[in-house]
Structures are given as C-alpha cells and as structure tokens.
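>>> below are the sequence and a predicted model for it; my questions follow.
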Amino acid sequence: MVGGISAGGNFGTIVTHLYRDDNLSPPLTGAYLSIPACIPPGNVPKKYESLYLSREQNKQAPVLSQETIDLFESKKFSISLLTYSS
C-alpha cells in the first residue's frame, strides 16, 4: 500500500505507475491518493470539466497560487504530467 496527501499524493501516483509499469515486487495492494495534482487542465475529459473547479477557485491562494503552479510546471520535473523531460 502506498499513499500521500497533496504533493505526497503526486509521489504516491508516481510510485503506483512504477509498480504497474516495472512489475515490481512485492505487489502493490492499494493506493490512497488524496488531492494530488495529477491532471493538468488540458487533459480533463469533457464530461468532467464542469467538476474541475479547484484551480480556478484557488488561483489567488496565498501559498499555491496559479503563478506558483505555472512556475513548477515550467521546470524539468512536471508535477502535473508525472513525467521527466530532459
């Protein structure tokens, strides 16, 4: 079992993908991923767009504003796409 909240949820998501893709042992038995930022706005399926509200509702949040999210997403490690680009 792996789990995490917020940024920890992002890391937990990465670990679940590694287990799945690399067939690691012992097998992963579950995942608790609470509020990870896993889906960038451009990847939200049409049928869920009306529910994808938190980025807009919190774009002026004092700690993690849209400007800060944009800064993180512009770096080599993309927190929202779960990929590494060289």
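Yes, it's here.
>>> give me the low-pLDDT residue ranges for this protein?
Where the chain drops to pLDDT under 70, the residues are 75-86.
>>> tell me, what residue is most central in it?
By Cα atoms, centre = their mean, the chain has its centre lying nearest to C38, at 2.5 Å.
>>> phi, psi of that one?
Dihedral pair for C38: phi -100, psi -20, per degrees, to the nearest 10.
>>> grab the nearest non-local neighbour of it.
Distances taken as Cβ to Cβ, 6 or more residues apart in numbering place T13 nearest to C38, at 5.4 Å, with adjacent residues excluded. To be clear about C-beta, it is placed using only N, CA and C from the backbone, and glycine gets the same treatment.
>>> quick check: the one you found vs D22, distance?
Per Cβ to Cβ, to the nearest Å, T13 is found 15 Å from D22.
>>> just K59 next, same as before
36 Å.
>>> which one of the two is surrounded by more residues?
Neighbour count, other Cβ atoms under 10 Å: between K59 and D22, K59 has more, with 12 against 8.
>>> which residues touch that one?
65-66 (Cβ atoms under 8 Å, 6 or more residues apart in numbering).
>>> how close does it sit to S25?
Taken as Cβ to Cβ, the span from K59 to S25 is 42 Å.
>>> is it fair to say the residue nearest to C38 lies in a strand?
No. Checked against DSSP: H, G, I helix; E, B strand; the rest coil, T13 lies outside a strand; its state is helix.
>>> that one and A37 touch, don't they?
No. Using Cβ atoms under 8 Å, T13 is not in contact with A37, being 9.4 Å away.
>>> which stretches in this protein count as helices?
For the chain, applying DSSP state H gives helices covering 7-22, 54-57, 66-73.
>>> looking at those, which is buried most?
The highest average neighbour count among the helices of the chain, using mean count of other Cβ atoms under 10 Å, belongs to helix 7-22 at a mean of 15.
>>> which of the residues in stretch 20-37 are buried?
33, 36-37 (16 or more other Cβ atoms under 10 Å).
>>> can you lay out the residues you listed as a markdown table showing distance to G9?
A markdown table is the format used below for those (distance: Cβ to Cβ, whole Å):
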| residue | distance to G9 |
| --- | --- |
| L33 | 4 |
| P36 | 3 |
| A37 | 8 |
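>>> fine, thanks again, bye for now.
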